[in-house]
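Visitor: Output the structure for:
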Amino acid sequence: MCLSIPGKLIAITSQLDETFRIGKVSFDGVIKEVNLTLVSDAKVNDYVMVHVGAAISIVNEEEAKKTFEILQQLGELDDLEIPEI
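Guide: Residues are numbered from 1 along each chain as shown. Sure thing, here's the model as predicted:
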């Protein structure tokens, strides 16, 4: 099943112009680089829904936290963990 996962945009790390940007998103402390092209109006501290490495929408904080908790309970966030070497 394909899911989008909510996370908090904590930094814009690369920007070609107003549309083509890359940012760091925190998923409860797990940080991933995410393409922000589809959410050109997203700014640092916004919550975004991320699907296969791309932010696809901006959501409010309360909705993001509820969704994240449900996904945790369902065990759908295992892929976020950083594998130990």
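
Visitor: Return the per-residue confidence for residue 60.
Guide: The per-residue pLDDT reported for residue 60 equals 95.

Visitor: Any stretches of this structure with poor pLDDT?
Guide: For the chain, the stretches with pLDDT under 70 are 1-2, 79-85.

Visitor: would you list every one of the strands in it?
Guide: Secondary structure of the chain by DSSP state E: the strands cover 5-15, 21-27, 30-35, 47-51, 54-59.

Visitor: Dump the ones you listed to CSV, plus distance to residue 69 and mean neighbour count.
Guide: In short, each C-beta sits where N, CA and C put it, glycine included. Putting these into CSV (distance: least, CB to CB, whole Å; neighbours: other CB atoms under 10 Å) gives the following:
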stretch, distance to residue 69, mean neighbour count
strand 5-15, 10, 17
strand 21-27, 12, 19
strand 30-35, 15, 16
strand 47-51, 13, 21
strand 54-59, 14, 17
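
Visitor: Take those and write them to TSV, including distance to residue 73.
Guide: Converted to TSV, the strands of the chain look like this (distance: least, CB to CB, whole Å):
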stretch	distance to residue 73
strand 5-15	14
strand 21-27	15
strand 30-35	17
strand 47-51	18
strand 54-59	18
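
Visitor: Which one, of those, ends up nearest to residue 75?
Guide: Closest to residue 75 of those is strand 5-15 (CB to CB; 12.9 Å).

Visitor: With just CA atoms, put that closest one into PDB.
Guide: The C-alpha trace of strand 5-15 is given here as PDB (Å, rounded to 0.1, in the frame of the first residue of the first chain):
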ATOM      1  CA  ILE A   5       3.300  10.500   5.800                       C
ATOM      2  CA  PRO A   6       3.100  13.800   7.600                       C
ATOM      3  CA  GLY A   7       6.300  15.600   8.700                       C
ATOM      4  CA  LYS A   8       7.500  19.000   9.800                       C
ATOM      5  CA  LEU A   9       9.600  21.000   7.300                       C
ATOM      6  CA  ILE A  10      12.600  22.100   9.300                       C
ATOM      7  CA  ALA A  11      14.900  23.600   6.600                       C
ATOM      8  CA  ILE A  12      15.100  24.500   3.000                       C
ATOM      9  CA  THR A  13      18.400  23.000   1.900                       C
ATOM     10  CA  SER A  14      18.500  23.800  -1.900                       C
ATOM     11  CA  GLN A  15      16.600  26.200  -4.000                       C
END
